[in-house]
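In: Quick one, structure for this:
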Amino acid sequence: MTMMPRWLALAIAAVVVASAAGLAIAVSLPRGDQGTTNVHPDAAALTAYTDALRAPTSDGGRIVEQEMKPTISDFSQGQLDAASFAADARGWQLALRQVKDRIDRIVVPPAIAAAGPLFDAAMDAYIAAAKLFEQAAAAPQSQRQAAVGKGIDQARAADRQYDQAALVVQRALAAAGLQPDSNLPDPTPVASPS
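Out: Okay, the predicted model is just below:
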């Protein structure tokens, strides 16, 4: 058996090491030129979160838009008596607490940790608005419109807090390369044409 000169063995070893290093680098590089894209590490968690958020926020929106708003209008116009309005307001409080509990059970991804407390504050504000509406029903006739106005102001504050929570989620979706969630408000300003 003949022995290989030492310099040749070292040269072959260097070529093998360089080839292995090159292969490792090539495997780890993104392959944008081959039509594939890198998936943002938070994309799956964000998608799971928005999917889980869809049902409770839809229920909350239904309560506010389809129950509270028309009923408040009916009460303000004298088309609904105080006892019925108070009963409706108590029902809204219960239903909104249930929505809040469902939202609170959803695991918030680290990328949007701020969204959890913002949604929580928004739901507390909607519940507070419903309490104010119940109190308005018990107010003397001469003070009812002012009391209803306080409830409406509280509900508008809840809307703003909800929009802030939605903005956190929408921005994270955009940063992850995902489409906005059409079930959440998209309060990002739209550029006006110049």
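In: list the buried ones in stretch 55-64?
Out: Under the neighbour-count criterion of 16 or more other Cβ atoms under 10 Å, stretch 55-64 has Pro56, Thr57, Asp59, Gly60, Ile63, Val64 buried. Glycine gets a C-beta too; all of them are placed from N, C-alpha and C.
In: again but with stretch 137-144, I slipped
Out: By 16+ other Cβ under 10 Å, the buried positions in stretch 137-144 come out as Ala137, Arg144.
In: mind checking how far Ala130 is from Leu173?
Out: 30 Å (Cβ to Cβ, to the nearest Å).
In: Check whether Leu178 sits in a helix, strand or coil.
Out: Following DSSP: H, G, I helix; E, B strand; the rest coil, the label given to Leu178 is coil.
In: okay but it is in contact with Ala44, surely?
Out: No - using Cβ atoms under 8 Å, Leu178 is not in contact with Ala44, being 10.1 Å away.
In: Among Ala130 and Leu173, which residue is more densely surrounded?
Out: Neighbours were counted for Ala130 and for Leu173 using other Cβ atoms under 10 Å; Ala130 has more, 28 against 24.
In: Quick check: which element contains that one?
Out: helix 115-138 (DSSP states H and E).
In: just Val168 next, same as before
Out: Element membership of Val168, judged by DSSP H and E, is helix 144-175.
In: quick one: that helix to helix 115-138, angle?
Out: If you take axes from the mean of the first three to the mean of the last three Cα atoms, to 10 degrees, helix 144-175 sits at 170 degrees to helix 115-138.
In: and helix 144-175, how far out from the chain's middle?
Out: Chain-centre distance of helix 144-175: 13 Å, with Cα atoms, centre = their mean, to the nearest Å.
In: Show residues contacting the helix holding Ala130.
Out: 60, 64, 68, 72, 75, 82-83, 85-86, 88-90, 92-93, 96-97, 99-100, 103-104, 108, 144, 147-148, 150-152, 154-155, 157-159, 161-162, 164-165, 168-169, 172 (Cβ atoms under 8 Å, 6 or more residues apart in numbering).
In: Now, of these, which are buried?
Out: Of these, these count as buried by 16+ other Cβ under 10 Å: 60, 64, 68, 72, 75, 85-86, 88-89, 92-93, 96, 99-100, 103, 108, 144, 147-148, 150-152, 154-155, 157-159, 161-162, 164-165, 168-169, 172.
In: can you tell me how far Gly78 sits from Tyr126?
Out: 25 Å.
In: more neighbours, those two?
Out: Legend: neighbour count by other Cβ under 10 Å for Gly78 and Tyr126, higher for Tyr126 (28 against 9).
In: In the protein, what helix or strand scores lowest on average pLDDT?
Out: Here the helix or strand of the chain ranked lowest by mean pLDDT, DSSP states H and E is helix 6-28, holding a mean of 47.
In: any idea which helix or strand comes after it?
Out: Using DSSP H and E, the helix or strand that directly follows helix 6-28 along the chain is helix 43-62.
In: same question for that following helix, mean pLDDT?
Out: The average pLDDT within helix 43-62 is 94.
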